[in-house]
Structures are given as structure tokens and as C-alpha cells.
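J.: Okay, structure incoming, though there's no sequence with it:
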Ligand code: PNS
């Protein structure tokens, strides 16, 4: 239990919202969800429908991948939202925003976001977890870049995401050009 303000006591052992683009979900994200479940009874993974970020995967595709991965984890809810995160949080019974921090380079972006959210809703806190050492170099952006260039991302994202990335980046098989001295 945590004392919020005089007379008000809030139970922190309940629901956390884990928002993000998840374009696509990585084992870094999954690690945060799993560790979040050691603190909270339930974690809501809230996928932002942020079309201005020009995501590789549509929100439906992202939802499907995340839902499939967590299909047997009853205390994880997977949902999507449009607009302000604080407005979405207000529609749920979540008490905290959960975010992962990989390195100091994440800090400024996260600090601004957490401060803005707190200014929009003074009762809403953001809880940061340091990403596990195995995934501190993993981001959705680098996963997409590596996959697009044909590099292996196995072990960094779930197998179904590896398959989806391969489908997305499938390029027409280039015809081999016979190079001869007469060309
Ligand atoms: O995985 P990401 O892209 O770092 O996640 C960022 C996200 C989706 C959490 C953030 O962009 C967000 O909350 N978007 C919703 C719009 C909003 O509430 N903006 C004000 C907070 S700065």
C-alpha cells in the first residue's frame, strides 16, 4: 500500500499498464511484462495506434502477435488505444504505467513522457524497470533494420515475430545475371 495524499491510500499490488508501439514485440518487452507480473496482479499491454510513427505492422497485426504470445497467460490483457495514454488509463483500473529502460539514452525520452503524463494526471505514476542484460541492446527499430537486411533476429523476438518479419520483408527473388565479357 502506498500513501498517495492525506487520507487516501492506494493499493499498488493491482494493475499496471504497459504501453508502447510494440512494432514488433521483442523479448525485451516480454521480459518487462514477466517481471511486472511479479509485482502486479495484472498487466495490460496497451498497443498505441500511432499511425504517424508509420509502423511496419498494422495495429491488428501487432495485436495478433502479442495476443498469440500471451494466449496462455491469464493475467495479461492485450488491448490497443488511440489518443492520449492518460485517457486510456482512466478507462481502466490501472494505477501505474510500466516502462522499460535500456540505457541512459532512453532516459530523456522516458523522463519527458512520464513528466507529461504526470502533468496531465497528477495521480498517475510511471514505474521504470531496467531491461535485463540479455536484451539491453534490443529495440523494435533495430530488429526491423536487421531483419530487413536479412540478418537473424532469432532469440531476440518470438518465433512468430521472426516469421512475420520474414513475410513482410520478402523480396522478389533476383534473377541471376550471367556476366560475360560480351555484356
Ligand atoms: O514503444 P514506444 O513507441 O516508445 O511507446 C510510446 C508510447 C506509445 C507509450 C507513447 O508515444 C504514448 O503514450 N502515446 C500516446 C499519446 C500520448 O499520450 N502522448 C502523451 C505522452 S508524451
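T.: Right, received. Where do you want to start? Everything quoted here is computed from the prediction, not taken from an experiment.

J.: What segments of this protein are strands?
T.: Residue ranges of the strands in the chain, as given by DSSP state E, are 2-5, 8-10, 15-20, 42-48, 76-81, 96-101, 125-130.

J.: got the angle for the fifth one vs strand 15-20?
T.: In other words, strand 76-81. 50 degrees (axes from the mean of the first three to the mean of the last three CA atoms, to 10 degrees).

J.: Run through the helices of the chain in chain order.
T.: Along the chain, counting by DSSP state H, helices occupy 27-36, 59-69, 85-90, 104-120, 140-148, 159-168.

J.: about what we covered before: could the strands of the chain go into TSV alongside mean pLDDT?
T.: Formatted as TSV, these follow (pLDDT from 0 to 100):
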stretch	mean pLDDT
strand 2-5	49
strand 8-10	53
strand 15-20	98
strand 42-48	98
strand 76-81	98
strand 96-101	97
strand 125-130	96
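
J.: now the ones you listed in JSON lines, with distance to residue 70?
T.: C-beta here means a position set from N, CA and C on the backbone, and glycine is covered the same way. Formatted as JSON lines, the strands of the chain follow (distance: least, CB to CB, whole Å):
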{"stretch": "strand 2-5", "distance to residue 70": "27"}
{"stretch": "strand 8-10", "distance to residue 70": "26"}
{"stretch": "strand 15-20", "distance to residue 70": "11"}
{"stretch": "strand 42-48", "distance to residue 70": "7"}
{"stretch": "strand 76-81", "distance to residue 70": "4"}
{"stretch": "strand 96-101", "distance to residue 70": "15"}
{"stretch": "strand 125-130", "distance to residue 70": "18"}
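
J.: picking that back up, tell me the most buried of the helices of the chain?
T.: Among those, helix 27-36 has the highest mean neighbour count (mean count of other CB atoms under 10 Å), at a mean of 20.

J.: Tell me who's in contact with residue 46.
T.: By CB atoms under 8 Å, 6 or more residues apart in numbering, the contact set of residue 46 is 17-20, 79-81, 85, 88.
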